[in-house]
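Give me the fold of what follows.
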Amino acid sequence: MAAIDQQPILVVDDDDTIAMTLESFLVEEGYKVMVAHNGKEALERAEASSPAVILLDMKMPVMDGWAFASAYRQQDGPHAPIIVMTAAHDSRQRASEIAADGFIPKPFDLDELLALMRRYLPE
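Model prediction:
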């Protein structure tokens, strides 16, 4: 189980089903979770409560993953690791375009995502 005083995981996805599934799963695993449905919301949430890891969809309305990553990195640090979640066939390329720390193609196995995410969480 994760610690009570931990930094939250920021889930950024405009698909309500994916966002709610990830939130429920991660909360069940003991993590604090914040959800944003676009990059603009994500920037606000990240500024209000510094996340430990950001799980980022790329194609979203209002502000997409590319614009979010750029704006987020321009904010004063420290910056959380970003893991790209994308249905694109070139998920590695999408992740490299924003210098993401990791990526996972959609659809993904929740346990695989959790294992990837844990590699970037502080001890």
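
what sits against the nearest residue to residue 121 once chain neighbours are set aside?
Using CB to CB, 6 or more residues apart in numbering and skipping residues adjacent in sequence, the residue nearest residue 121 is residue 52, 5.5 Å away. (Glycine included, C-beta is placed from N, CA and C.) With contact taken as CB atoms under 8 Å, 6 or more residues apart in numbering, residue 52 is in contact with 6, 7, 8, 9, 80, 120, 121, 122.

Helix, strand or coil: sort out residue 11 for me.
The assignment at residue 11 comes out as strand when based on DSSP: H, G, I helix; E, B strand; the rest coil.

that older thread, using neighbour counts, trim the contacts of residue 52 to the buried set.
Neighbour counting with 16 or more other CB atoms under 10 Å marks 7, 8, 9, 80 as buried within these.

from the residues you listed, which single one is nearest residue 27?
residue 9 (9.5 Å; CB to CB).

Tell me the predicted confidence for the closest one.
Residue 9 carries a pLDDT score of 97 in this model.

for the one 3 residues further on, same thing?
Here, the pLDDT recorded for residue 12 equals 98.

and it, bridged to which residues?
Note on residue 12: beta-bridge partners residue 36, residue 56, judged by DSSP bridges.

That one: neighbour count?
Around residue 12 sit 29 other residues, with neighbours defined as other CB atoms under 10 Å.

quick one: it and residue 65 touch, right?
Yes. Using CB atoms under 8 Å, residue 12 is in contact with residue 65, at 7.4 Å.

what residues do these two have in common as contacts?
Common neighbours of residue 12 and residue 65, counting by CB under 8 Å, 6+ apart, are 39, 56, 57.

By neighbours, which of those residues wins?
residue 56 (29 neighbours).

Any regions of this structure where pLDDT drops low?
Flagging of the chain using pLDDT under 70 yields the residue ranges 1-5.

So which residue is smack in the middle of it?
Among the residues of the chain, the one closest to the centroid is residue 55, at 1.4 Å (CA atoms, centre = their mean).

those strands in the chain, which residues are they?
Using DSSP state E, the strands of the chain run over 9-12, 33-36, 53-57, 82-86, 102-105.

Same list, these, but as CSV with distance to residue 21 please.
Listed next are the strands of the chain as CSV, based on distance: least, CB to CB, whole Å:
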stretch, distance to residue 21
strand 9-12, 10
strand 33-36, 11
strand 53-57, 12
strand 82-86, 12
strand 102-105, 14
